[in-house]
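Participant: predicted model and sequence follow; I will ask about them next.
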Amino acid sequence: MAKCTIDSPVGRLIAEVNDDALLALDFEKDGEVCRDEHPLLDQLKDELRDYFEGRRKTFSLPLAPKGTPFQESVWKTLTHIPYGQTVSYSVEAEMLKHPKAVRAVANANGKNKIAIIIPCHRVIAKDGGLGGYSGGLWRKEYLLALEAKYR
């Protein structure tokens, strides 16, 4: 396993990979600085740079988030929300074929371990409000504005 810290416009990110896939990409919370090297970490840095510069709309890294089967199905559904678009939590639940599981879907979004690449920032409240975001609403606003700019 390898971990590194990546500076970005939305703050420092902590990335963790194994030999096969990205396991986690989260917002740094405690000042942790990691400097491991790995080809997947290099690829992640390049893809994130391109994303933040408006040159990348999809990511090609292999992903391996760990959660319950339901959480993993929610996270997979998130990857089908197109760049620059948003859906409500209820629409996401319908996409998942569990239209009554809106709260469970929202809870699973909050446990997403791979920020930005598994785009839970693209899910908003039914009334058009931002809803929540475990990385902080200012980051969600930034990511949505970035994607709207380069759509």
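Facilitator: Perfect, I can see it now. Residues are numbered from 1 along each chain as shown.

Participant: can we go C-alpha only for contacts and neighbour counts from here?
Facilitator: Noted.

Participant: show me where the protein has its helices.
Facilitator: With DSSP state H, the ranges of helices along the chain come out as 39-52, 69-78, 89-95, 102-110, 137-150.

Participant: dump these to a markdown table, plus mean pLDDT, distance to Val17 and mean neighbour count.
Facilitator: Formatted as a markdown table, the helices of the chain follow (pLDDT from 0 to 100; distance: least, Cα to Cα, whole Å; neighbours: other Cα atoms under 10 Å):
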| stretch | mean pLDDT | distance to Val17 | mean neighbour count |
| --- | --- | --- | --- |
| helix 39-52 | 98 | 7 | 17 |
| helix 69-78 | 97 | 17 | 18 |
| helix 89-95 | 97 | 27 | 20 |
| helix 102-110 | 96 | 21 | 19 |
| helix 137-150 | 97 | 23 | 16 |
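
Participant: now those helices as TSV including distance to Arg12?
Facilitator: Conversion of the helices of the chain to TSV gives the following (distance: least, Cα to Cα, whole Å):
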stretch	distance to Arg12
helix 39-52	12
helix 69-78	22
helix 89-95	27
helix 102-110	19
helix 137-150	12
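
Participant: residue farthest from the centroid of the chain?
Facilitator: Lys100 (23.5 Å; Cα atoms, centre = their mean).

Participant: ok, now which ones touch the spatially closest residue to that residue that is not a sequence neighbour?
Facilitator: Among residues not flanking Lys100 along the chain, Ala93 sits closest, at 7.1 Å (Cα to Cα, 6 or more residues apart in numbering). Ala93 makes contact with 99-102, 105, according to Cα atoms under 8 Å, 6 or more residues apart in numbering.

Participant: which ones are touching Glu28?
Facilitator: So Glu28 contacts 11-14 (Cα under 8 Å, 6+ apart).
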